[in-house]
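Novice: Sequence first, predicted coordinates after that:
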Amino acid sequence: MNVWTVANQKGGVGKTTTTVTLGGLLAAQGKRVLLVDTDPQASMSYYFGIDSEELSRSVYDVFLTGTPSKDDVLDCLCSTKFDSLFLLPATMALSTLDRKMGTQSGMGLVLKKAVLSIADEFDYVIIDCPPTLGVLMVNALAACDKILIPVQTEFLALKGLERMMHTLEIMAKTLNKQFSYTIVPTMYDKRTNAALDAYKSLRATYGDKVWSAVIPVDTKIQEASQAQMPPSSYCPKSRGVYCYTNLLTFLTKKTDNG
Amino acid sequence: MSTGSFAKEDVMEEYLSSLLHEDDSTDLIQQQSVQQLLASVPEKIEKDKPNQEVDLVETLPDTKVIEQTADKMEVVNSAQVAPQASYRQGRFQALFFKLAGLTLAVPLTELGGIHNLEKLNSLFGKPDWFLGIQLHRQEKLSVVDSAKWVMPEKYNEKLAESLNYQYLIMLGESHWGLACESLIDTITLSQEDVKWREARGKRPWLAGLVKDQMCALVDVQQMIALLNQGHDSKDQ
């Protein structure tokens, strides 16, 4: 099982879009995929036409167990229109977790235990993070074996990336492990010099940690969320999905090569 | 990765460290009895030391199950059986443990380890005596509901509710572990302390009966073979 976490401490950089699109593409390849939403805004559920506030169980219940069993996790999953694609949805209640459990030792490892408990059931688990550093993001980072960091190709986003990288640095020290991560330039608008400058700056600062291509601005992808469909299903021929397919090829090849 | 830093670096480190490290003081207390017990276990090679004093151990009274089992055991000449098992020569040590009022023993040479029983992950399509998987350092340990495996005919809802499994007794080099409620002790046995079984047709997993303690000595290799085949103790 591969566990990827999509994270950035800046909002609006394409985390949920990246999670949903990669998940949809993997499921289309026949992989058993679980998407985990840890953002209290629960926007990922919307892609699948699920109103998370009407669900009886969510990832919040998984956190409440502290040490979730396989059944605890499976009980909280939602199926989607796609046979091999499942969702562990978020709810607004997640936003209370920091106050409730943010000071309890070991609470950063609950999601890791949850994911390990269902290791036999899925080929890929992709975790979408909230844009703030807290118990949810720490859980998502501790649970994964690869981190994807979408970064909007504009100046302010680069500043946000510095904070994200430093969080990873401290976590790596705390966990005594090296994170494998890929920075994914998103919302690239080739008509603007600002986007080009930001991309150059990314490459200059982070070198080959930056994916060598970009995800372009694509209105079709924006329309997919309105249509409550993963972009890979709503607009499979779009330029955005084409680039995400290339990204997936890059990531899976990297995974296969260790 | 970056040259940036947080204004309150130490606060961040403390916060993350707290979230990412479990307070294991409770576990330590729970593990003490296991550690004390294991600390008292000499190296395995000591099993063959001559003139070693036989340790005395207080074990709980025998159960009907064991008596019935003992009645059915054929007492045979020790020279006739299981020459391949290392514990069939000279003195050997055995770990005694208990579940559902039943005491069992395994030779230490056949003991793969002892773990505290933790939360298990169940698997679909497994026999009803399969309690689940326990992860230990990336290793998957298969946990057997020992009471259900050993005495399925006695296993009912009342017995199931009364069980309080605490430890996992690992069988040899296998991934199989027997769930047990308590660890009693390790004692050194001589060949004469055991009524060895010859006929393995009915219960091949029984190596013999420890006379003083009136408890079953497990033939670990035979039990592993049965578990691998998905059999319970009565399936042969």
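Specialist: Sure, I can see it. Residues are numbered from 1 along each chain as shown, chains lettered A, B, ... in the order given.
Novice: I'd like to know which helix or strand in the chain has the lowest mean pLDDT.
Specialist: Went with chain A since none was named. Across the helices and strands of chain A, the lowest-confidence element by mean pLDDT, DSSP states H and E is helix A:97-101, at a mean of 73.
Novice: please go with chain B instead
Specialist: Lowest mean among helices/strands of chain B [mean pLDDT, DSSP H and E]: helix B:25-39, a mean of 42.
Novice: can you point me to the longest helix in chain A?
Specialist: The longest helix of chain A (DSSP state H) is helix A:155-175.
Novice: what packs against it?
Specialist: Identification of packing neighbours for helix A:155-175 by 3 or more Cβ pairs under 8 Å, 6 or more residues apart in numbering or on different chains; DSSP states H and E yields helix A:135-143, strand A:146-152, helix A:193-206, helix B:9-20. Backbone N, C-alpha and C define where each C-beta goes, glycine included.
Novice: Which of these sits closest to residue B:208?
Specialist: helix A:135-143 (48.2 Å; Cβ to Cβ).
Novice: quick one: that closest one to chain centroid distance?
Specialist: 11 Å (Cα atoms, centre = their mean, to the nearest Å).
Novice: so for that helix, what's the average pLDDT?
Specialist: Throughout helix A:135-143, pLDDT has a mean value of 91.
Novice: now do stretch B:125-145
Specialist: Averaged over stretch B:125-145, pLDDT sits at 88.
Novice: In contact with residue A:110: list those residues for me.
Specialist: By Cβ atoms under 8 Å, 6 or more residues apart in numbering or on different chains, the residues touching residue A:110 are A:62-63, A:65-68, A:139.
Novice: again, only using 10 Å
Specialist: By Cβ atoms under 10 Å, 6 or more residues apart in numbering or on different chains, the residues touching residue A:110 are A:59, A:62-68, A:97, A:101, A:104, A:135, A:138-139, A:142-143, B:19.
Novice: unless I'm mixing things up, residue B:205 is touching residue B:222, no?
Specialist: Yes - judged on Cβ atoms under 10 Å, residue B:205 makes contact with residue B:222 at a distance of 4.8 Å.
Novice: Neighbour count for these two, which is higher?
Specialist: residue B:205 (23 against 18; other Cβ atoms under 10 Å in any protein chain shown).
Novice: In space, what's closest to the more buried one - neighbours in sequence excluded?
Specialist: residue B:223 (4.1 Å; Cβ to Cβ, 6 or more residues apart in numbering or on different chains).
Novice: What's the separation between the one you found and residue B:217?
Specialist: Residue B:223 is 11 Å from residue B:217, where distance means Cβ to Cβ, to the nearest Å.
Novice: Find the residues that touch each one of these two.
Specialist: Common neighbours of residue B:223 and residue B:217 are listed as B:106, B:110, B:206-207 (criterion: Cβ under 10 Å, 6+ apart).
Novice: Tell me the one of the residues you listed nearest chain A?
Specialist: For the shared contacts of residue B:223 and residue B:217, the closest approach to chain A (Cβ to the nearest Cβ) belongs to residue B:106, at 28.1 Å.
Novice: Could you tell me how many residues sit around that closest one?
Specialist: As a burial measure, residue B:106 scores 26 neighbours (other Cβ under 10 Å).
Novice: isn't there a strand covering it?
Specialist: Yes - assessed with DSSP: H, G, I helix; E, B strand; the rest coil, residue B:106 lies in a strand.
Novice: pretty sure it contacts residue B:183?
Specialist: No - taking contacts as Cβ under 10 Å, residue B:106 lies outside contact range of residue B:183: 11.2 Å.
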